[in-house]
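1. structure of the sequence below:
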Amino acid sequence: MKQKIYSIIKEDGEKNKLNRWFNLLIISLIILSVLEIILESYPSLNIKYKNKFYLFESIAVSIFTIEYLLRVWTADLLYPQLNSFNARIKFIFSPLGIIDLLAIIPFFLPFIFKFDLRFIRILRITRLLMIFKLNRHTKVLHLLGSIFKEKWSELSITIFVTFILILISSTLMYYVEHDIQPDKFPNIISTCWWSIATLTTIGYGDVIPITGWGKLLSGIIALLGIGLVALPTGILSAAFIEKMEEEKERKKGKKHLHKNKKYTYCPHCGELLK
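-> From the prediction side, this is the model:
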């Protein structure tokens, strides 16, 4: 029974019809749950359909809870190299396991503890974490995650340079504009808001320099921001195209393998085997 249940809820179940239907059910519930959170923000809809919203939330959370418990129960099949206890502990503290738990636990906490209503509303925000459950059922988030993981060293350099530039520009602008506009540039930390808005070329206009040196510095920072924002964008774009090409080659290799029934191409990466 455990093996059959695991074949239904496992992440890689391309040849299992029940697995595909299960994934479709979970994905649909996640999308509908996020849509429910959005609709609840409309006071008129919340008052009119409050009971229906709560009923749907109860059903969705119940299904997510059963799914979570089944994944804990079958964790020893997910990690066959570990014993049952260690496998379940590893799943519970895995990123997806933590997301699964945080997505359902706020629903049950008010039944156990008495909270202030404002705190309960804050807890309900964590239901949005269930959108990350899609990473288990779709390849899109997994693809983005693998790209960030592979390019983290390059991205970390751009993040560090951005932090240094924000700190330097905020410090310079504080000393240039503080005496003229003490309410707009009260300290270096508050000035960071101006620096971020300028570097990203957003320019909200709520905090602007009025001195000549301040305007000159603002123009330089804005020009640097154009190039700085383009760096991580170029890195991620190139990595995404590279991943798409790898996926295309892998599918090509699989198609060639099934057609010729020979191990000419690797079924995983699509490379020509020696």
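2. low-confidence stretches in the stretch 1-150 of the chain?
-> Under the criterion pLDDT under 70, the flagged ranges of the stretch 1-150 of the chain are 11-15, 115-130, 132, 134-142.
3. what's the local residue count around residue 177?
-> By the measure other C-beta atoms under 10 Å, the count of residues near residue 177 is 24. C-betas here are computed from N, CA, C, even on glycine.
4. correct me, but it touches residue 212?
-> No: look at residue 177 against residue 212 with C-beta atoms under 8 Å: they stay out of range, at 11.1 Å.
5. in the stretch 101-250 of the chain, which spans are helices?
-> For the stretch 101-250 of the chain, helices defined by DSSP state H, counting those that start in this stretch occupy the ranges 117-124, 134-137, 140-150, 152-177, 188-199, 212-260.
6. looking at these, which is nearest to residue 63?
-> helix 134-137 (13.6 Å; C-beta to C-beta).
7. mind giving me the domain ranges of this protein?
-> Annotated domains of the chain cover 2-138, 152-260 [automatic domain parsing].
8. picking that back up, common neighbours of residue 177 and residue 212, please.
-> Shared contacts of residue 177 and residue 212 (C-beta atoms under 8 Å, 6 or more residues apart in numbering): none.
9. can you pull the buried residues of stretch 62-81?
-> Applying a neighbour-count criterion of 16 or more other C-beta atoms under 10 Å, one finds 64-65, 67-68, 71-76, 78-79 buried in stretch 62-81.
10. likewise for stretch 38-55?
-> Neighbour counts using 16+ other C-beta under 10 Å place 40, 49, 53 of stretch 38-55 among the buried residues.
11. swap in stretch 240-250?
-> 249-250.
12. alpha carbons only: can I get that stretch in PDB?
-> Presented in PDB, the C-alpha positions along stretch 240-250 are these (Å, rounded to 0.1, in the frame of the first residue of the first chain):
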ATOM      1  CA  PHE A 240      17.900  30.600 -19.100                       C
ATOM      2  CA  ILE A 241      18.600  30.200 -22.800                       C
ATOM      3  CA  GLU A 242      21.400  27.800 -22.000                       C
ATOM      4  CA  LYS A 243      19.000  25.700 -19.900                       C
ATOM      5  CA  MET A 244      16.300  25.700 -22.600                       C
ATOM      6  CA  GLU A 245      18.900  24.400 -25.100                       C
ATOM      7  CA  GLU A 246      20.000  21.700 -22.700                       C
ATOM      8  CA  GLU A 247      16.400  20.600 -22.200                       C
ATOM      9  CA  LYS A 248      15.800  20.600 -26.000                       C
ATOM     10  CA  GLU A 249      18.900  18.400 -26.500                       C
ATOM     11  CA  ARG A 250      17.800  16.100 -23.700                       C
END
